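Novice: Sequence and predicted structure below; questions after.
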Amino acid sequence: MSALQPRPLAARAAAAPAPITTNIASTPLQKIERQYTTFLAKRYMSAYLGRVALWTVLVLAGASVCVTGSASSGLYALIYAIPTFISLAIILKIRKSFITEPYRPAPRTSLVRLFLSCFWNPRAITLLAAYYVFGLTVSNAWLSLLGRSNWAFFAPTIRHPWQLNEHRVILVFSNACLLTTIAARDILGDKLKPTWPTERKPLGKAVQAALLSEVWTSTRIGFTFSWSVIAPFVYCWLGIRTFVWQWANWRILASTVRPFVGNFARQTSKTPSPWSLLGPMLVLNFVALVILQFPVKALMAYTTQPLHFDQFYRKSPLSQDQYLITALKSKDKYYLQFTLMELLRIAHIPASRKALFDNISKSPIPVLALWEELLLHFGTVHHTLITRGSTSRPLTPAQPSTPSSAQAIPIKQGDIFRPQPKAKSSSFNLKAAFDGPIRPSAPPPAVADNISKVGDLAKKRIGEAQGMALGRIEATGVGASFVGEARVARRDVHEWAGREWARRSVRIVLGDAVIVQRVIDSEYLPNVGLFAEIIVIRLVMVLLAGASIQEDTYGNVQQVLPSTLEAIVRFRDAVKLFELELVGKARVLGPAQESGLEEIKESLGEIVNYCEDSVRKVAADFGQSLGAFRFPPVVAHSLGEICKPSI
């Protein structure tokens, strides 16, 4: 019997280290922003895009049943609505980006450069391309849904079996160009800017008000009708059809294009007439406009209406005041708007204000911490204003200096073999210079005077020639009408250029002015007014004075009253200085100067009036007690100027 030989145990493999789970704890601010993102995404995806998809199906189905009289076309509308909805959702996403991240191009003094800069940027090009693709998609979906042979995709011939249908090509590209032009009009008309609500109302009522606003007074209806009526006659009767297709067939990729559009340059029995294009183009353009118009109008309400903060408070471990203080630290200007709107709501609820003022158990005191965050946002906008929108360069730290020792002897270094340079005498005989004879100055050249006279004479002659030519044209009835329309168009162009330059000049520096206005409105006043109507821009001092006098038992608000007044006065002075600077720059606009000055005074003068009215209200509430505060001389002078009684 063999003895059992013990075997050495196998070496235990080194235990693999447990996978390290990097559970990076999110900061409270990140959690709050995540709540904002989730709520907005849910409202946009489920509540908004779901209704947009249903609206697209209903419009296509209802219009197709009315045109064809067949109920089966309504079922096919479900299929053709899919690509239409996808292309529409792309437009809505791009337009939403202009709300969440407003685009602020630089001002241009040249009319041509100002016009081209409206479109020659990636965001505008993307929007125009999205509108063009939507036009191609919805027109092809509509014509395919009708299923008529004269609007089929191909119209084959014996010579060209892959010949395209000219009727369909014209309808499709006309609709795409129409929608692209509508997008360009929105860009030029400043229709992409965010419009924040000025009244507190439920989301449903806000959407309803947005949909019913300017239903019949909108210029898009008249523009679409004019386009649908004029485009067929321009294409068929003004030679555009023959010129375009002959050029495409014989000059531009003739061998490639001719099998598909070869017959377009000929006059055949299948050549479309303007009367055959008028009705279908009118119906197609209005179907596309209805599908597009209402979702675009409702987008602003779904993107800017206030959030439901009650459910945020329940899910957060922070108290209500700590939640708002943390949310105010956000760098996202879009999220910051919702936080400030929530502050407006709380500022008009007496119980919420009282609870905030009486909460002094925490350090720092919540009302002071909240006030500090508001003033920091105010100061940030003020810094952007005084630096004219430029980011300040970071200060380089100073080099540490070595302390000098009392026993150290300074050593003078130099070349001991080089002789010392003689100091140059800097004395100057001023008496001889001033008491000497007066030297005659050279007479001004006569050539310059003659050149200026020649220039003035040339301008005068050119003006007289233009006046004579216009007089001859206006002598006829048609000429007078043409000249009158041209003058109106020129005036409108100059007015647009001036206002566009002024808007850009203000927004590139004061792009966050709306945040300042909401900060002004977010101070805590027991405003005994209607809760349903909250004005977006309200005076800070009205809220501050009422809160500090009536409800602030411990006087915490009065501690920050001098700094708040100083911030408002300095901001007001900076805005007035900026207004004077823009007025000086507007001189280079030429004929567009008048409209530019009007826009500058409207936008900046409004902010100045808000600041001054708030200071006057505080002075009226505090009376002589305001003299107990101490201000810098410049601020005190501005306060006296604002509060000076008008005679």
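Specialist: Thanks, I have the structure now. Residues are numbered from 1 along each chain as shown.
Novice: for Leu164, phi and psi?
Specialist: Taking degrees, to the nearest 10, you get phi -80, psi 160 for the backbone angles of Leu164.
Novice: pretty sure it is in contact with Phe153, am I right?
Specialist: Yes - Leu164 is within contact range of Phe153, at 7.1 Å (criterion: CB atoms under 8 Å). Any C-beta I mention is one placed from the backbone N, CA and C, and that applies to glycine too.
Novice: quick one, which of the two is more surrounded?
Specialist: Leu164 (19 against 12; other CB atoms under 10 Å).
Novice: Can you give me the pLDDT of that one?
Specialist: Predicted confidence (pLDDT) at Leu164: the value is 74.
Novice: and if you look at Asp449?
Specialist: Asp449 carries a pLDDT value of 58.
Novice: and Phe378, how far is that from Val569?
Specialist: 12 Å (CB to CB, to the nearest Å).
Novice: Oops, could you answer that again for Phe119 instead?
Specialist: From Phe119 across to Val569, the span is 41 Å (CB to CB).
Novice: okay, those two: which has more neighbours?
Specialist: Using other CB under 10 Å, the more surrounded residue of Phe119 and Val569 is Val569, with 23 against 14.
Novice: now what about stretch 205-214, what contacts it?
Specialist: The contact list for stretch 205-214 (CB atoms under 8 Å, 6 or more residues apart in numbering) reads 197, 201, 294, 297-298, 300-302, 305.
Novice: Now do it, average pLDDT.
Specialist: Mean pLDDT, computed over stretch 205-214, is 89.
Novice: Tell me the buried residues in that stretch?
Specialist: Residues of stretch 205-214 classed as buried by neighbour count (16 or more other CB atoms under 10 Å): 206-207, 210.
Novice: Kindly indicate which of the residues you listed lies nearest Thr339.
Specialist: Nearest to Thr339 out of the buried residues of stretch 205-214 is Ala206 (CB to CB; 18.9 Å).
Novice: how about that closest one, secondary structure?
Specialist: Following DSSP: H, G, I helix; E, B strand; the rest coil, the label given to Ala206 is helix.
Novice: what's the distance between it and Val244?
Specialist: The gap separating Ala206 from Val244 is 46 Å, by CB to CB.
Novice: same thing with Glu602?
Specialist: For Glu602, the distance to Val244 equals 45 Å [CB to CB].
Novice: quick one on the thing from earlier: for the contacts of stretch 205-214, which one is nearest Gly511?
Specialist: Ranked by distance to Gly511 (CB to CB), these are led by Met300 at 18.3 Å.
Novice: Give the full set of residues in contact with the closest one.
Specialist: The neighbours of Met300, taking CB under 8 Å, 6+ apart as the test, are 99, 194-195, 210.
Novice: 6 Å - rerun?
Specialist: Applying CB atoms under 6 Å, 6 or more residues apart in numbering to Met300 gives the contacts Thr195.
Novice: Which of the three states applies to it?
Specialist: Relying on three-state DSSP, one would call Met300 helix.
Novice: Run a quick neighbour tally on Ser330.
Specialist: For Ser330, using other CB under 10 Å, the count is 17.
Novice: Please apply the same query to the one 10 residues further on.
Specialist: By the other CB under 10 Å criterion, the neighbourhood of Leu340 contains 24 residues.
Novice: name the element it belongs to?
Specialist: helix 333-347 (DSSP states H and E).
Novice: Downstream of that helix, the next helix or strand is which one?
Specialist: For helix 333-347, the following helix or strand on the C-terminal side (DSSP H and E) is helix 350-358.
Novice: what's that following helix packed up against?
Specialist: When contacts are defined as 3 or more CB pairs under 6 Å, 6 or more residues apart in numbering; DSSP states H and E, helix 350-358 packs onto no helix or strand at all.
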